[in-house]
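**Q** got a sequence here, can you build the structure:
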Amino acid sequence: MSLKEKLKTVLLRTGALRLRQMMLPQSAVILAYHSVTTDWKKQSDYINRGITTDADRFKEQMRILREEYNPVTLNEIAGWLQGVQLLPPRSVAVTFDDGFADNYYVAAPIMEQYGICGTVYLTVDAVQRQELPWFCRTAFLFQQAGNRKTVLTDPETKKTWNLGIPKENREAFVCYSYPCAKLVGEELRNYIEKLETWFGFRLDQSNIQGMMTFEQARELQQHGHIIGNHTFSHGNLAHIPQESLYREIAEANEILEQEIGEPVEHFSYPHPCLDPQWNNVTLAETEKLNYKTAVLTSFGLVTRRCLPLLLPRIMISNPNNKEFRWKLETALAGIQT
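**A** Numbering: from 1, shown residues only. From the prediction side, this is the model:
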């Protein structure tokens, strides 16, 4: 065990972090998940390992939340921020970005075993079309190109990429992802299809359990989970054309409300790439819709000083039990690790 790991063990066992928590003003943590799967290898070509949590580890995490913390909902956090209700100490809320089908098939049944309700943010166009979001399709292209040692010459810039070399593959992936984050709707779909034409193959989604359906979202809602808006196209709202913001936020919200039959009161900012992920214009758009909360990918503890429409979260990928506790205990102690 390294010195760092020994120090973590000591701090967790001695209760030093809990003592620091008691000295701070009341706070809460919002956890951010994406995919929860029983077979990450099967989907690793199109859903990045960095946003995937193994089902068995997720189950352990939910057990830990129930036994050692106080699971709460975003509605409860919103009420606390508004000063209309109290939160128990060590409050933790669970959220999921994107709307992958495994949130319904895998994550929700586990959460319900422990009496935990979460918030699932749907990427509306992906759910409507029952197609994986653009970042999954591009991930597949570059993963497969790396396996095939593809040499790609961009027909427009004439730049050649040796995608069998990991460093070049990563650079190319970033290069072609940036434009995607700035596009929405039909323009985005056309761009992805152009890339697929250049590569000469595409992700076959016919046998993939990709996105949950609106019917499944309604069922989750009936079981106490919250359904939120994750935009229409999953672009970076601070970088898309300003005239597209209404469709990406407000129109997506209207579609969601029609489909699930209840007001949509919570929003999650996509952050596929590029910084920042919000600006004053996007903040104004969320204010117009009277959202109770809007969440970011930036790390942080939720305190009474936080703006309800710019709430930080703790990103969760696939930590073991010790790492999971460490994330929560340090976050509640106001320490970024």
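
**Q** from here on, contacts and neighbour counts on C-alpha atoms
**A** Noted.

**Q** mind checking the SS state of residue 9?
**A** Residue 9 falls in the helix class when you classify it by DSSP: H, G, I helix; E, B strand; the rest coil.

**Q** what's the spatially most central residue of the chain sitting at in phi/psi?
**A** Geometric centre of the chain, nearest residue: residue 97, 3.2 Å, by CA atoms, centre = their mean. According to degrees, to the nearest 10, the main-chain angles of residue 97 amount to phi -90, psi 150.

**Q** so it makes contact with residue 118?
**A** No. Applying CA atoms under 8 Å, one finds residue 97 not in contact with residue 118, separated by 11.0 Å.

**Q** how about the strands in this structure?
**A** When secondary structure is read from DSSP state E, the chain shows strands at 27-33, 35-37, 52-54, 70-71, 91-96, 119-122, 151-153, 160-162, 226-229, 266-268, 293-299, 302-303, 311-315.

**Q** JSON lines for those, including mean neighbour count and distance to residue 132?
**A** What follows is the strands of the chain, written out as JSON lines (neighbours: other CA atoms under 10 Å; distance: least, CA to CA, whole Å):
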{"stretch": "strand 27-33", "mean neighbour count": "24", "distance to residue 132": "17"}
{"stretch": "strand 35-37", "mean neighbour count": "26", "distance to residue 132": "12"}
{"stretch": "strand 52-54", "mean neighbour count": "21", "distance to residue 132": "15"}
{"stretch": "strand 70-71", "mean neighbour count": "20", "distance to residue 132": "30"}
{"stretch": "strand 91-96", "mean neighbour count": "24", "distance to residue 132": "15"}
{"stretch": "strand 119-122", "mean neighbour count": "28", "distance to residue 132": "12"}
{"stretch": "strand 151-153", "mean neighbour count": "16", "distance to residue 132": "24"}
{"stretch": "strand 160-162", "mean neighbour count": "15", "distance to residue 132": "26"}
{"stretch": "strand 226-229", "mean neighbour count": "27", "distance to residue 132": "16"}
{"stretch": "strand 266-268", "mean neighbour count": "27", "distance to residue 132": "18"}
{"stretch": "strand 293-299", "mean neighbour count": "19", "distance to residue 132": "20"}
{"stretch": "strand 302-303", "mean neighbour count": "22", "distance to residue 132": "31"}
{"stretch": "strand 311-315", "mean neighbour count": "22", "distance to residue 132": "21"}
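
**Q** can you say which of these is nearest to residue 191?
**A** Of all those, strand 151-153 sits nearest to residue 191, with 16.3 Å by CA to CA.

**Q** pLDDT at the residue nearest to residue 125 when sequence neighbours are not counted, what is it?
**A** Closest residue to residue 125 in three dimensions, ignoring its sequence neighbours and counting by CA to CA, 6 or more residues apart in numbering: residue 232, at 5.2 Å. Each residue has a pLDDT score; the one for residue 232 is 98.

**Q** what of the one 4 residues further on?
**A** Looking at residue 236, its pLDDT is 98.

**Q** again, but for residue 7
**A** In the prediction, the pLDDT value recorded for residue 7 is 69.

**Q** repeat for residue 52
**A** According to the model, residue 52 carries a pLDDT of 97.

**Q** let's have the chain start at 12 instead
**A** Right, with 12 as the first residue, what we last looked at is residue 63.

**Q** which strand residues bridge it?
**A** residue 46 (DSSP bridges).

**Q** how close does it get to residue 45?
**A** According to CA to CA, to the nearest Å, residue 63 stands 6 Å off from residue 45.

**Q** just name the shakiest helix or strand of the chain by mean pLDDT.
**A** Across the helices and strands of the chain, mean pLDDT, DSSP states H and E gives its lowest value to helix 14-25, namely a mean of 72.

**Q** wait, residue 128 touches residue 84, no?
**A** Yes. Using CA under 8 Å, residue 128 is in contact with residue 84, at 6.5 Å.

**Q** joint contacts of those two?
**A** Contact criterion CA atoms under 8 Å, 6 or more residues apart in numbering; residues bridging residue 128 and residue 84 by contacting each: residue 105.
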